[in-house]
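Chemist: Sharing a model prediction with you, sequence too.
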Amino acid sequence: MGLVLTLYTSAAPPHIVMMVADDLGWGDISWRGGDARTPNLDQLRTEGMELNRYYGHPTCVPTRVALYTGRNPYRFGITSPGTGNPPLAEHFLPQILKQSGYTTRLVGKWHVGDTSTDYYPTSRGFDSFFGFLGGGTNYFGSLNGGSRRGWLRDLEPVTDTGYSTDLFRDEAVIIIRNHDTSDPLFLLVCFNAPHLPLEAPADLEANYPSLSAERRTYAAMIESMDNAVGSILTELNTKGIKDDTLVIFVSDNGAVNNADYGSNGELSQGKGQAFEGGIRLPG
């Protein structure tokens, strides 16, 4: 934390809001030629720092394990989705932050263990969790009964209907609004956008009439996520903690290498491949 604290004039540790996109490619961002309008991500870039050499793993689980543990996921035999859960003896990032007084919240996708509740987010250091456990879900509505694709609030299945990106946005905004700022906040928002299936609100799709059907939906999915980023930034400002918050936005791996929607720009290959298109990511 020492390096982070040098960015702030206050002696108090900064609040941390980290947002992770799912399968967002290098070429999906507007300033690299992407179809979607991303003014809020552009604001982060111009007001902060763009990481032009930010790398992850070519699929989501290893990247998330590395984020949570700070270690190479190959140590645990985790090389791709479905290759196991990080050992319970591993200390996760929110557990370490809690030792420094942070309140820790997770909104969105987990995908780092679900074989028992011992592997759930609230058992790995998060004070609260709203989202789903598995690798993907439908964007509209909810599949329940404890399903890996259904919504959970902490340990309990819930029925929350609506567009998932909007639900995650609203949850994050409420967390910030209700947070007691005497404690530092670690808020991790893991969007499932723009991971398949291709589903988006019709009003956002209407913003891209010149695109093919798949590209129109994909662009709308990214625009919806960008709108959520904007709402979170606005709430930080309204709360009066924007200048005391470290805001981070990254993708977990490159876009699906499909000319009909995802784009890794000039980079070779994409998700699932250890080429630049799979591992060099927006950050």
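Modeler: Looks like it came in fine. Residues are numbered from 1 along each chain as shown.
Chemist: measure Asp244 to Pro94 for me?
Modeler: Distance of Asp244 to Pro94, computed by Cβ to Cβ, to the nearest Å: 19 Å. Every residue, glycine included, has its C-beta placed from N, CA and C.
Chemist: who has more neighbours, these two?
Modeler: Taking neighbours as other Cβ atoms under 10 Å, Asp244 and Pro94 compare with Pro94 leading, 22 against 18.
Chemist: so how far is the helix or strand hosting that one from its chain's centroid?
Modeler: Pro94 belongs to helix 93-99 when assigned by DSSP states H and E. Taking Cα atoms, centre = their mean, to the nearest Å, the mean C-alpha location of helix 93-99 is offset from the chain mean by 18 Å.
Chemist: what do you get for stretch 169-181?
Modeler: Stretch 169-181 has its C-alpha centroid displaced from the chain centroid by 16 Å (Cα atoms, centre = their mean).
Chemist: in that stretch, what counts as buried?
Modeler: Going by neighbour count (16 or more other Cβ atoms under 10 Å), the buried part of stretch 169-181 is 169-173, 175-176, 179.
Chemist: The stretch 101-250 of the chain: helices as residue ranges?
Modeler: In the stretch 101-250 of the chain, the helices defined using DSSP state H, counting those that start in this stretch lie at 164-178, 202-205, 213-239.
Chemist: Need those in JSON lines (columns: mean pLDDT and distance to Ala11).
Modeler: Formatted as JSON lines, the helices of the stretch 101-250 of the chain follow (pLDDT from 0 to 100; distance: least, Cβ to Cβ, whole Å):
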{"stretch": "helix 164-178", "mean pLDDT": "97", "distance to Ala11": "22"}
{"stretch": "helix 202-205", "mean pLDDT": "98", "distance to Ala11": "43"}
{"stretch": "helix 213-239", "mean pLDDT": "98", "distance to Ala11": "20"}
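Chemist: For those, state which one has the densest average packing.
Modeler: helix 213-239 (a mean of 21; mean count of other Cβ atoms under 10 Å).
Chemist: what's the angle from it to helix 164-178?
Modeler: Computed with axes from the mean of the first three to the mean of the last three Cα atoms, to 10 degrees, the direction of helix 213-239 lies at 0 degrees from that of helix 164-178.
Chemist: Please enumerate the strands of this structure.
Modeler: 15-21, 103-109, 128-132, 152-153, 156-157, 185-190, 245-251 (DSSP state E).
Chemist: is it possible to export the ones you listed to a markdown table including mean neighbour count?
Modeler: Formatted as a markdown table, the strands of the chain follow (neighbours: other Cβ atoms under 10 Å):
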| stretch | mean neighbour count |
| --- | --- |
| strand 15-21 | 23 |
| strand 103-109 | 24 |
| strand 128-132 | 22 |
| strand 152-153 | 18 |
| strand 156-157 | 11 |
| strand 185-190 | 24 |
| strand 245-251 | 19 |
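Chemist: can you put these in TSV and add distance to Ile232 and mean pLDDT?
Modeler: Shown next, in TSV, are those (distance: least, Cβ to Cβ, whole Å; pLDDT from 0 to 100):
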stretch	distance to Ile232	mean pLDDT
strand 15-21	6	98
strand 103-109	10	98
strand 128-132	14	96
strand 152-153	19	93
strand 156-157	25	89
strand 185-190	7	98
strand 245-251	8	98
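Chemist: Just send these back as CSV, with distance to Leu236 too.
Modeler: CSV is the format used below for the strands of the chain (distance: least, Cβ to Cβ, whole Å):
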stretch, distance to Leu236
strand 15-21, 7
strand 103-109, 14
strand 128-132, 18
strand 152-153, 23
strand 156-157, 28
strand 185-190, 10
strand 245-251, 5
